[in-house]
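[1] The sequence and its predicted three-dimensional model are supplied below.
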Amino acid sequence: MTHLWVRAEQRDNEQRVGIMPDGAAALLRAGFAVTVEQSATRAIATERYAEAGCQIAPQGGWTTAPDDAIIFGLKELPEDGTPLTHRHIMFGHAFKGQPAGRELLRRFKAGGGALYDIEYLVDPAGRRVAAFGYWAGFAGAAISLLAFATQPKEMDAVGVFQGSETLISRVSGALAGRKPSVLIIGAGGRVGAGAGDLCDRLGLPITRWDIAETAHGGPFPEVLEHDVFVNAIFAQPGVPVFVPASAADAPRNLKVIGDVACDPTAVYSPIKVYDRTTSWAQPTLRVAKSPLLDVMAIDNLPSLLPQESSEDFAAQLLPSLMTLDRIDDGVWGRAAGFFREHAEEAEINL
């Protein structure tokens, strides 16, 4: 029997979950075993999973879960260096040259486990089967515009919003009638769609770019002509540099960069004016003072809207979860191939 073990997220400010109680019930009806860890912070109450028929385990119990259990979470595991013996479904951030990713792959190699990275769960055409991208773009654009509205001061801490309408109201009030120009690169994807919808709701002037507008490889002086730039491009080999390091000191209108893709340590990050993510406590990083330039690079933006983003993501992923009993095939087999390839490369380069 295939056993899915849904772990509690242990990262601060992370309330999302990748499966809803009705999805867990569907897996149970299909003959799966489902265990859900207790969590006081998850957007969906643990009791709802118990009512659906799931077994309930203590928070952090995945470390002693049966060897054949497939551990399902979203964000990173505790960085304690222990070997990882289970198969894990999660956002690993380990396949694009990230230093922390190399350590994660080392732990999997040491323990004999495997990583099924959610970013690399793809269909035969290479399209992701599930993503939080829409809500990342929606929230990322919102926080970037709040940063613009706050200047010349730096932003205060942010927290969970009760829903998208609340967030829209907050941004509209902060802008107080101002209409900053916004450039979205990657406007044709999920992230770009979310960012664009947020800006449309606020009636802002938007320039939408996608592959055709960036195919020449740069430079892209138009980025500096807008007030706010939202990067919605998934960092990967071949992505051009949209904001070079020299932009920090260049003449420009650009005041805020919202790097929703948020891979500053990746070797092919398209934003070169910053080198670390930001946080809920400090949402922006000031990279230039004259003229001002702030970067928003929060790496769990959908958690600002945990209920809506979880429901959306879980609905996308459930059809693939229903095939976990054939984990060597299809979307899971392709993800395993990505893991083996990069684990071998990491071993060579350690």
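    Noted; the coordinates are in hand. Residues are numbered from 1 along each chain as shown.
[2] Show me what counts as buried in stretch 63-71.
    Going by neighbour count (16 or more other C-beta atoms under 10 Å), the buried part of stretch 63-71 is 65, 69-71. Glycine gets a C-beta too; all of them are placed from N, C-alpha and C.
[3] Among these, which ones are in strands?
    Judged by DSSP state E, those include 70-71 as members of strands.
[4] and the two most separated of the buried residues of stretch 63-71?
    Largest separation among these by C-beta to C-beta: A65 and I70, giving 9.2 Å.
[5] returning to what we had before: now the buried residues of stretch 63-71 as CSV including pLDDT?
    Converted to CSV, the buried residues of stretch 63-71 look like this (pLDDT from 0 to 100):
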residue, pLDDT
A65, 98
A69, 98
I70, 98
I71, 98
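[6] Let me know the closest of the buried residues of stretch 63-71 to W332.
    Of the buried residues of stretch 63-71, the one sitting nearest to W332 (C-beta to C-beta) turns out to be I70, at 9.4 Å.
[7] What residues does the closest one make contact with?
    2-5, 86-89, 324, 327 (C-beta atoms under 8 Å, 6 or more residues apart in numbering).
[8] Show me where this structure dips below the pLDDT cut-off.
    Along the chain, segments meeting pLDDT under 70 span 96-99, 345-350.
[9] Please enumerate the helices of the stretch 1-150 of the chain.
    21-29, 46-51, 99-111, 133-150 (DSSP state H, counting those that start in this stretch).
[10] Let me have those in JSON lines, extended by mean neighbour count and distance to D156.
    Shown next, in JSON lines, are the helices of the stretch 1-150 of the chain (neighbours: other C-beta atoms under 10 Å; distance: least, C-beta to C-beta, whole Å):
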{"stretch": "helix 21-29", "mean neighbour count": "18", "distance to D156": "35"}
{"stretch": "helix 46-51", "mean neighbour count": "16", "distance to D156": "32"}
{"stretch": "helix 99-111", "mean neighbour count": "17", "distance to D156": "28"}
{"stretch": "helix 133-150", "mean neighbour count": "26", "distance to D156": "8"}
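[11] Contacts only, for I56.
    Contacts of I56 were listed using C-beta under 8 Å, 6+ apart, and they are 35-38, 46, 49-50.
[12] what do you get for G31?
    Listed by C-beta under 8 Å, 6+ apart, the contact set of G31 reads 1-2, 325.
[13] longest helix anywhere in the protein?
    helix 330-349 (DSSP state H).
[14] Check which helices and strands that helix sits against.
    Applying 3 or more C-beta pairs under 8 Å, 6 or more residues apart in numbering; DSSP states H and E, one finds that helix 330-349 contacts helix 99-111, strand 114-117, helix 306-321.
[15] Good, we can wrap up now.
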